[in-house]
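[1] Please work out how this folds:
(one chain, ligands or ions: 3)
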Amino acid sequence: MDQHQVLIFRGGDESGAAPGKGDIVGRVLVLNAGSSSVKYQIRSGAERLASGTVERIGEPGSPAADHEAALGIVAGELAERDLGFDSPELTAIGHRVVHGGTVFTEPTPITDEVVRGIEALIPLAPLHNPANLACIEVTRRLRPDLPQVAVFDTAFHATIPPAASTYAIDRETAVRLGIRRYGFHGTSHAYVSRKAALLAAGSPANVIVLHLGNGASASAVSAGRCVDTSMGMTPLEGLVMGTRSGDLDPEVIFHLSRREGLSIDEIDRLLNRRSGMLGLCGDNDMRAVQERVADGDPDAELALSVYCHRLRKYIGAYYAVLGAVDVIAFTGGVGENSAPVRERALTGLSALGIAVDPVRNGRGESLISPDGALVKVAVIPTDEEFEIAEQTLGVVERTNLE
Ligand SMILES: Nc1ncnc2c1ncn2[C@@H]1O[C@H](COP(=O)(O)OP(=O)(O)O)[C@@H](O)[C@H]1O
Ligand SMILES: CC(=O)OP(=O)(O)O
Ligand SMILES: [Mg+2]
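    Ligands and ions are numbered 1, 2, ... in the order given. Presented below is the predicted three-dimensional model:
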């Protein structure tokens with residue numbers, strides 16, 4: 001057996017019987033690097049042994065100047081609990097990688113060649129893939145003995161049909177440059193849509209997932225397969241986000257260049273980092289926006305109304321894409337916690353069988369639609385790290401069986 005063939009067994013059944021064929025348990029370190037944060041978990045089967053986040057990387061006052069420094073903090077926090085990167089109990093490391101392009105549509109064991117492939121995709125995800133690579137570089141250096149697996153945000157969306165993934169531009173140029181819809185937050189859409197489908201009366205279930213965090217995206221999922229999603233070639237398209245504009249007329253970019261003399265890089269930063277809720281009202285934290293709305297602040301009110309209008313538009317669009325909807329699931333920091341966003345986004349949709357019970361919504365219950373509603377509306381906390389750990393163990397198990 002070579003050093004990557006670590007036999008591990010997951011779970012066992014609820015009765016406590018010994019793990020059977022196909023059940024693996026393993027202790028997995030999961031690193032989920034976003035553009036400005038690193039989230040981590042140590043999972044042992046269904047159990048979460050440790051978790052945490054280093055936020056605001058690179059911002060003034062942050063404990064971490066870059067992702068490598070953030071990893072140093074993660075390593076320190078884990079070592080204090082005897083769960084450090086050097087822990088002999090670790091059996092695998094799972095990494096979130098945001099952009100897999102058309103090359104990586106499955107969780108993939110990390111090799112030098114895979115690292116080069118992820119590097120080649122940096123132009124399509126300049127804020128994200130370098131952060132993921134920084135994590136991979138550090139853990140490969142520290143733990144060359146462990147299997148490491150890349151789990152791609154884009155992979156869950158690989159099933160989107162060409163009608164939804166193709167942009168209506170010159171075909172030859174688009175194909176040559178890989179210009180198409182890829183979609184992101186795939187581990188979250190996969191995890192939440194699977195849980196949502198369990199609430200549906202019939203199967204196969206049609207589900208709309210609204211992942212509303214700092215980045216935000218919607219997806220339409222039918223019988224477990226993603227059929228459309230709001231993010232595009234990059235994580236800029238679609239919903240209004242904390243600092244990203246989401247959809248806008250591409251002519252706005254030419255106008256900013258011609259009229260304001262902004263460079264392409266300046267426009268890129270403007271749309272990715274100084275737009276969205278931040279650009280509209282000066283706050284990208286939804287809690288702050290809501291407090292200002294409650295105080296009657298007109299800028300915050302406009303920002304919240306633009307945010308919720310865009311959401312409602314995507315819900316309507318995905319209703320039409322799916323033809324019928326069983327469950328609408330809210331997730332992510334905003335989706336899980338903001339009753340006002342959920343209520344506003346779904347107001348006026350009763351003709352589609354969509355309604356929200358104000359008491360259930362206010363309490364953030366897991367089902368917030370009224371009893372008997374045609375469409376169930378659910379609040380489902382996401383767990384990208386769980387999904388990454390599961391997919392990582394799945395790869396390790398398959399590798400062991402080969
Ligand atoms: N109680 C709350 N009410 C409204 N918004 C909240 C609440 N708690 C967190 N949020 C919002 O969730 C967002 C962050 O979501 P999260 O999913 O943690 O982000 P990330 O995309 O970094 O993973 C922030 O805009 C924050 O304001
Ligand atoms: C892809 C993406 O937007 O990720 P995040 O929300 O973590 O920034
Ligand atoms: Mg996130």
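
[2] Near ligand 1, which residues of the protein? Just list them.
    Within the chain, the positions adjacent to ligand 1 are 34, 37, 213-215, 242, 285-287, 290, 332-334, 337-338 by Cβ under 6 Å from any ligand atom. The way it works is simple: take the backbone N, C-alpha and C, and place the C-beta from them, glycine included.

[3] Any of those residues buried? List them.
    34, 37, 213-215, 242, 286, 290, 332-334, 337-338 (16 or more other Cβ atoms under 10 Å).

[4] now, the most widely separated pair of these?
    The most widely separated members of those, counting by Cβ to Cβ, are 34 and 290 (22.5 Å).

[5] Which SSE is immediately downstream of the helix or strand residue 151 falls within?
    Assigning secondary structure by DSSP states H and E places residue 151 in strand 148-152. Downstream of strand 148-152, the first helix or strand assigned by DSSP H and E is helix 162-165.

[6] for the residue nearest in space to the middle of the chain, what are its contacts?
    By Cα atoms, centre = their mean, the chain has its centre lying nearest to residue 185, at 2.4 Å. Going by Cβ atoms under 8 Å, 6 or more residues apart in numbering, residue 185 touches 153, 211, 213, 215, 217, 219, 231, 384.

[7] Of those, which is the nearest to ligand 1?
    residue 213 (2.7 Å; Cβ to the nearest ligand atom).

[8] Which single residue of this protein approaches ligand 1 most closely?
    residue 333 (2.1 Å).

[9] My guess is that residue contacts residue 284. True?
    No - contact criterion Cβ atoms under 8 Å: residue 333 and residue 284 do not qualify, at 11.3 Å.

[10] Spit out the residues that contact those two alike.
    residue 214.

[11] out of the buried ones among the residues of the chain next to ligand 1, who's near ligand 2?
    Of those, the ones that also sit near ligand 2 (Cβ under 6 Å from any ligand atom) are 34, 213-215.

[12] Among those, name the ones in strands.
    Among those, DSSP state E puts none in strands.

[13] any chance of those in CSV, plus distance to residue 62?
    Formatted as CSV, these follow (distance: Cβ to Cβ, whole Å):
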residue, distance to residue 62
34, 13
213, 18
214, 15
215, 18
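
[14] tell me the SS of residue 53?
    Secondary structure, DSSP: H, G, I helix; E, B strand; the rest coil: residue 53 is strand.

[15] Would you check that it makes contact with residue 36?
    No - contact criterion Cβ under 8 Å: residue 53 and residue 36 do not qualify, at 10.6 Å.

[16] okay, those two: which has more neighbours?
    Taking other Cβ atoms under 10 Å, residue 53 and residue 36 do not tie; residue 36 has more neighbours (20 against 14).

[17] By residue count, tell me the biggest helix in the chain.
    Determined from DSSP state H, the single longest helix within the chain is helix 298-322.

[18] Need the residues that contact it.
    164, 206, 208, 210, 212, 218-220, 222, 227-228, 230, 238-240, 246-247, 277, 280-283, 289-290, 292-293, 325, 328, 340-341, 344-349, 352, 354.

[19] Looking at those, which are in helices?
    Checking these against DSSP H, those in helices are 164, 277, 280-281, 289-290, 292-293, 340-341, 344-346.

[20] quick one, what contacts whatever residue of the chain ends up closest to ligand 2?
    Relative to ligand 2, the nearest point of the chain is residue 215 (2.4 Å; Cβ to the nearest ligand atom). Residue 215 makes contact with 34-35, 184-185, 231, 235, 241-242, 244 under the criterion Cβ under 8 Å, 6+ apart.

[21] Where does the prediction get shaky in the stretch 201-350 of the chain?
    Counting by pLDDT under 70, the stretch 201-350 of the chain contains no low-confidence range.

[22] Name the residues of it found near ligand 2, please.
    Counting by Cβ under 6 Å from any ligand atom, the residues of the stretch 201-350 of the chain near ligand 2 are 213-215, 235.

[23] With distance to residue 311 as extra columns, can I get the residues you listed in a markdown table?
    Formatted as a markdown table, those follow (distance: Cβ to Cβ, whole Å):
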| residue | distance to residue 311 |
| --- | --- |
| 213 | 13 |
| 214 | 15 |
| 215 | 14 |
| 235 | 17 |
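
[24] Quickly name whichever of these is closest to residue 174.
    Nearest member of those to residue 174, counting by Cβ to Cβ, is residue 235, at 18.7 Å.

[25] For the closest one, the count of nearby residues, please.
    Counted with other Cβ under 10 Å, residue 235 comes out at 28.

[26] Ok, residue 193 next?
    26.

[27] and if you look at residue 264?
    For residue 264, the count of nearby residues is 10 (other Cβ under 10 Å).

[28] Also residue 169?
    With other Cβ under 10 Å as criterion, residue 169 counts 12.

[29] Thought residue 179 was touching it, still the case?
    Yes - the criterion here is Cβ under 8 Å, and residue 169 meets it with residue 179 at 6.8 Å.

[30] residues of the longest helix of the chain that come out buried?
    Neighbour count says helix 298-322 has 300-301, 303-304, 306-308, 310-312, 314-315, 318-319, 321-322 buried, by 16+ other Cβ under 10 Å.

[31] same deal with stretch 39-46?
    Result for stretch 39-46 [16+ other Cβ under 10 Å]: buried residues 39-45.

[32] which ones among those residues are found in strands?
    Short answer: those in strands (DSSP E) are 39-44.

[33] can you give me the strands in the stretch 1-150 of the chain?
    27-33, 38-44, 47-54, 90-97, 108-109, 148-152 (DSSP state E, counting those that start in this stretch).

[34] For the fifth one, give the mean pLDDT please.
    For strand 108-109, the mean per-residue pLDDT is 97.

[35] Give me the sheet partners of it and which way each runs.
    Strand pairing for strand 108-109, using DSSP bridges, gives strand 148-152 (antiparallel).

[36] Provide the contact partners of the strand it pairs with at residue level.
    92-100, 104-105, 107-110, 114, 118, 132, 136, 139-140, 186-187, 387-388, 391-392, 395-396.
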